[in-house]
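**Student:** Sequence unavailable; structure follows:
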């Protein structure tokens, strides 16, 4: 359980981003999972410099959207020769039987990259199927560090980070959505777990009102919008009672068309302020050093 | 749903890390959630340069362990005057009634930082209570980007990233642990959700054997060890049947004392290779642009 950093002396911040593109050696053959920005934040604020060095050495990409991927690559490396690269689009229009064929360069020993339009690929975004194919064949998969609105919202909510669930989108119909919200609240209470979900941005304001009307007054709700955006980021945790008051007083800024994450916590009432270490299917345990 | 990057021209990679420490303006007053490295990887490979500029402007910290925090700060800024900083330790020995008092500098308008020993604070690590206090008082909370072994393991597993749960530690006793493993497998199957948990590093090898003995042959298991470590990272997804064969053949490298994440997926059998968009409490929906 000791910290490996204590056993090694590591020099401060070698800046791989400053190396010119033409001296970057290609990275080892692997399927690199490449996070991209999800706001107007400068890349230096949300992506490690080391990612950019890796990206510059990759010529074959699986991407959610071709245009957005090219823009990202040009911003990483204004001198990049996009025409020398190959791209496959992986999104809801893709014939998934084609994906296995796309990994041919990786099988030959060339590095490949997977990118979605924003944030981390394969988490609430396309990419998992390409990873699954690589894993099935024993090819190396390397996730890179980058922004995840789900993880960052959880960090900033103040809710239980020892147990949590992400559910994607809730149902759209009123009755199904109401039932889903009640189910999440009851699961949060019973298992002491933070419940996380998303909504399409133009329905965010409606979702907030429905949550305020549906949940118990003592349940805690965090709404995280525009995460990483230097000007617009807003992450607010309150009880449902307080949200109702703020909504009635017109004190809640609109979430319309803003990317947002919703988090519900009903676990043990005030325990979010009293305890930091709970597990739903276990018991208390000494905390791990390296998460 | 359009991508904001398309509406703005942003210069490539301004490198804030290269600014000398003495010209860095203090960041805005907020509780900054500061990820730290979790392996021997150079910081430039796992932390955005912008984080370091923020860290250099903070003088008041809430940390999991004082010694590790000082080492991190010295590595971020070798010229840092640690003696001019204040630190409070937030871990399982802390009297939690003291935490609210620690935020006094933030209430006065000074930025503060929260750090755990590795990875992201407040997710499977201490920190959430300090965040909860700040949120309760309406103080600004700003999560920074950094490595999370949970998120990175999920990305690299090839499992469902549209629905997942993290459970912390499973019970230690054989019978309770076995029951918990069966419960996770059945929840994964019923709700099509990836189930994620951790183990204390010296028990990892035993956990892997128990999982191989307990789960159904067709259930998929991903074991992710030493994430971000340039030499030792290993992320491997196989069916339980295949894990059993590899264990019997002695083909599985030891996980002893290595930080590891375990992920189980039993959702719709082969669907991990067939589909990328499923939600447990909803229905299929067009994918969001900005996760």
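**Tutor:** Ah, there it is. Keep in mind the model is a prediction, meaning the values are calculated, not measured.

**Student:** for the stretch 151-291 of chain A, what spans make up the helices?
**Tutor:** Along the stretch 151-291 of chain A, counting by DSSP state H, counting those that start in this stretch, helices occupy A:174-191, A:204-214, A:240-248, A:271-274.

**Student:** Using CSV, please lay out the ones you listed together with mean neighbour count.
**Tutor:** Yep, even glycine has a C-beta here, placed from its N, CA and C like the rest. Listed next are those as CSV, based on neighbours: other CB atoms under 10 Å in any protein chain shown:
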stretch, mean neighbour count
helix A:174-191, 17
helix A:204-214, 18
helix A:240-248, 16
helix A:271-274, 18
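
**Student:** rank those by mean pLDDT and give me the bottom one.
**Tutor:** For those, mean pLDDT drops lowest on helix A:271-274, to a mean of 42.

**Student:** Output the helices of the stretch 151-291 of chain A as a markdown table; include the columns distance to chain B.
**Tutor:** What follows is these, written out as a markdown table (distance: least, CB to the nearest CB, whole Å):
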| stretch | distance to chain B |
| --- | --- |
| helix A:174-191 | 4 |
| helix A:204-214 | 11 |
| helix A:240-248 | 10 |
| helix A:271-274 | 5 |
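
**Student:** Poorly predicted segments of the stretch 151-291 of chain A, please.
**Tutor:** Low-confidence segments of the stretch 151-291 of chain A (pLDDT under 70): A:269-291.

**Student:** mind listing the strands for it?
**Tutor:** Using DSSP state E, counting those that start in this stretch, the strands assigned to the stretch 151-291 of chain A run over residues A:164-169, A:194-198, A:220-225, A:234-239, A:260-265.

**Student:** Redo the helices of the stretch 151-291 of chain A as a markdown table? Include distance to residue B:215.
**Tutor:** Compiled in a markdown table, the helices of the stretch 151-291 of chain A are given as follows (distance: least, CB to CB, whole Å):
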| stretch | distance to residue B:215 |
| --- | --- |
| helix A:174-191 | 21 |
| helix A:204-214 | 36 |
| helix A:240-248 | 39 |
| helix A:271-274 | 32 |
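
**Student:** Can you tell me which of those helices is nearest to residue A:115?
**Tutor:** For those, distance to residue A:115 was read as CB to CB. The smallest value, 25.2 Å, belongs to helix A:204-214.

**Student:** Contacts made by the closest one with the rest, please.
**Tutor:** A:170, A:174, A:177-178, A:181-182, A:199, A:221, A:223, A:225, A:240, A:243-244, A:247, A:252, A:254-258, A:260, A:262, A:264 (CB atoms under 8 Å, 6 or more residues apart in numbering or on different chains).

**Student:** Quick one: mean pLDDT for stretch A:53-73?
**Tutor:** The model assigns stretch A:53-73 a mean pLDDT of 96.

**Student:** Please read the previous query as pertaining to stretch A:86-104.
**Tutor:** 95.

**Student:** Any buried residues in it, and which?
**Tutor:** A:87-88, A:90-91, A:94, A:99-100, A:102-103 (16 or more other CB atoms under 10 Å in any protein chain shown).

**Student:** now that stretch, how far from the chain's geometric center?
**Tutor:** Taking the mean of its C-alpha atoms, stretch A:86-104 sits 22 Å from the chain's own mean (CA atoms, centre = their mean, to the nearest Å).

**Student:** now do stretch A:83-101
**Tutor:** 22 Å.

**Student:** Distance check, residue A:63 against residue A:85.
**Tutor:** Residue A:63 sits 10 Å away from residue A:85, going by CB to CB, to the nearest Å.

**Student:** Settle it for me: which of those two has more neighbours?
**Tutor:** Neighbour count, other CB atoms under 10 Å in any protein chain shown: between residue A:63 and residue A:85, residue A:63 has more, with 26 against 15.

**Student:** Is that one bridged to anything, and to what?
**Tutor:** residue A:89, residue A:115 (DSSP bridges).

**Student:** who's in contact with it?
**Tutor:** Listed by CB under 8 Å, 6+ apart, the contact set of residue A:63 reads A:69, A:87-90, A:114-116.

**Student:** you'd agree residue A:145 is in a strand?
**Tutor:** No: assigned with DSSP: H, G, I helix; E, B strand; the rest coil, residue A:145 falls outside any strand and is coil.

**Student:** looking at it, it is touching residue B:147, isn't it?
**Tutor:** Yes: with contact defined as CB atoms under 8 Å, residue A:145 counts as touching residue B:147 (4.8 Å).

**Student:** any shared contact partners between those two?
**Tutor:** Common contacts of residue A:145 and residue B:147 (CB under 8 Å, 6+ apart): B:46-47, B:228.

**Student:** any idea which of the residues you listed is the one closest to residue B:124?
**Tutor:** Out of the shared contacts of residue A:145 and residue B:147, the member with the shortest distance to residue B:124 (by CB to CB) is residue B:228, at 15.3 Å.

**Student:** Filter the buried residues of stretch A:86-104 down to the ones in strands?
**Tutor:** A:87-88 (DSSP state E).

**Student:** ok so, going back, adding neighbour count and distance to residue B:140, write the shared contacts of residue A:145 and residue B:147 out as JSON lines.
**Tutor:** Formatted as JSON lines, those follow (neighbours: other CB atoms under 10 Å in any protein chain shown; distance: CB to CB, whole Å):
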{"residue": "B:46", "neighbour count": "25", "distance to residue B:140": "25"}
{"residue": "B:47", "neighbour count": "29", "distance to residue B:140": "21"}
{"residue": "B:228", "neighbour count": "28", "distance to residue B:140": "29"}
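
**Student:** filter those residues by proximity to chain A?
**Tutor:** Near chain A, judged by CB under 8 Å from any CB of the partner chain, the entries from the shared contacts of residue A:145 and residue B:147 are B:46-47, B:228.

**Student:** of all these, which comes closest to residue A:137?
**Tutor:** residue B:228 (23.2 Å).

**Student:** thinking residue A:148 is in contact with residue A:119, fair?
**Tutor:** Yes: assessed by CB under 8 Å, residue A:148 is found in contact with residue A:119 at 5.5 Å.
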